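**Student:** A predicted structure for the sequence below; I have some questions about it.
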Amino acid sequence: MKYAIYQMDVVVADPEANRDKIKNWIETQVSKNKPDTVVLPEMWNAGYALDRLEGLADNNGENTIPFLSNLAKKHQINIIGGSIANKKENGIYNSSYVFNRKGELVHQYDKMHLVPMLDEPKYLNGGEAKGAVFDLDGVKMGVIICYDLRFPELMRAIALQGAEVIHVVAQWPTARKDHWKFLQYARAIENQCYVISANSSGTCNGTDFAGESMVINPSGELVASGQPETESTIDASIDLSIVAEIRNNIPVFESRVPHLYGE
Ligand SMILES: NC(=O)CCC(=O)C(=O)O
């Protein structure tokens with residue numbers, strides 16, 4: 001499966017400009033490399049303009065869902081749609097949508113762990129749906145959002161449901177870039193799955209975002225990565241046969257003893 005990852009400089013507080021950027025970027029990728037799957041970063045509609053989200057957030061995906069669905073269908077690509085600020089009945093969420101090649105919405109997820117260091121708990125509601133897997137081109141996959149990466153329980157739950165590829169969509173700051181990188185290696189190794197991330201670059205309210213989006217294989221080897229702090233595209237192909245191979249050689253899932261973990 002061929003991937004193109006958009007390590008995007010999100011235009012703060014300008015959803016229309018960001019939709020234009022994404023449309024142009026997808027059209028360029030399709031004409032250049034014909035990817036099977038593209039990945040977008042976190043909060044790409046508004047960035048971290050949290051105090052202005054009342055006016056900027058989408059309403060239950062009413063702009064984002066048709067926008068991404070049409071692009072997926074038109075170009076026959078899968079889209080891991082990053083995430084957006086999204087207004088629902090009882091508040092604003094950080095919501096992710098995933099579309100298959102037919103433009104069908106196959107998965108949605110609201111970020112469950114809100115990041116205190118970026119003030120999310122003050123402005124957003126946390127999602128309450130259980131982590132779940134979806135299917136793209138016959139492959140079981142998952143998606144988590146940025147700060148979720150610090151909670152191994154969530155990725156483990158998704159891997160236990162059979163995910164072979166887990167995406168991390170992010171706006172992770174440069175200030176903690178080593179955590180960003182090492183946690184992704186750890187999650188890939190412990191869950192013996194591909195970890196594929198799309199981080200943003202650029203700056204919002206004095207916070208610089210790290211870039212360095214990554215593709216890590218189930219053995220913990222780096223397949224591809226983006227430049228630090230620079231808008232760019234990461235192209236990578238993944239070989240799914242490695243997942244079964246590593247899971248056979250080091251049978252971590254069979255060696256688990258959950259009844260002894262005191263949960
Ligand atoms: N957008 C985020 O969730 C950032 C997470 C972060 O800054 C951290 O975990 O550190």
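**Tutor:** Arrived safely. Numbering: from 1, shown residues only.
**Student:** From the rest of the structure, what touches stretch 176-195?
**Tutor:** 149-150, 152, 155-156, 158-159, 163-168, 170, 172, 197, 199, 210, 212, 214-220, 228, 238, 240, 243, 246-247, 250, 252-253 (Cβ atoms under 8 Å, 6 or more residues apart in numbering). Where C-beta positions appear, they are placed from N, C-alpha and C, glycine not excepted.
**Student:** Show me which of those are buried.
**Tutor:** For these, a burial check counting by 16 or more other Cβ atoms under 10 Å picks out 149, 155-156, 158-159, 163-168, 170, 172, 197, 199, 210, 212, 214-218, 220, 228, 238, 240, 243, 246-247.
**Student:** Which of these fall in helices?
**Tutor:** 155-156, 158-159, 243, 246-247 (DSSP state H).
**Student:** hmm, which two among those residues are most spread apart?
**Tutor:** Maximum pairwise distance in those, criterion Cβ to Cβ, is 17.1 Å, between 158 and 246.
**Student:** would you turn the ones in helices among the buried ones among the contacts of stretch 176-195 into TSV with pLDDT and distance to residue 119?
**Tutor:** Shown next, in TSV, are those (pLDDT from 0 to 100; distance: Cβ to Cβ, whole Å):
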residue	pLDDT	distance to residue 119
155	98	24
156	97	28
158	98	27
159	98	30
243	98	37
246	98	39
247	98	39
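**Student:** Need the residues you listed in TSV (columns: distance to the ligand).
**Tutor:** As requested, those are exported to TSV (distance: Cβ to the nearest ligand atom, whole Å):
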residue	distance to the ligand
155	14
156	18
158	17
159	20
243	26
246	27
247	28
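**Student:** Show me which positions of stretch 199-215 end up buried.
**Tutor:** Buried residues in stretch 199-215 (16+ other Cβ under 10 Å): 199-204, 209-215.
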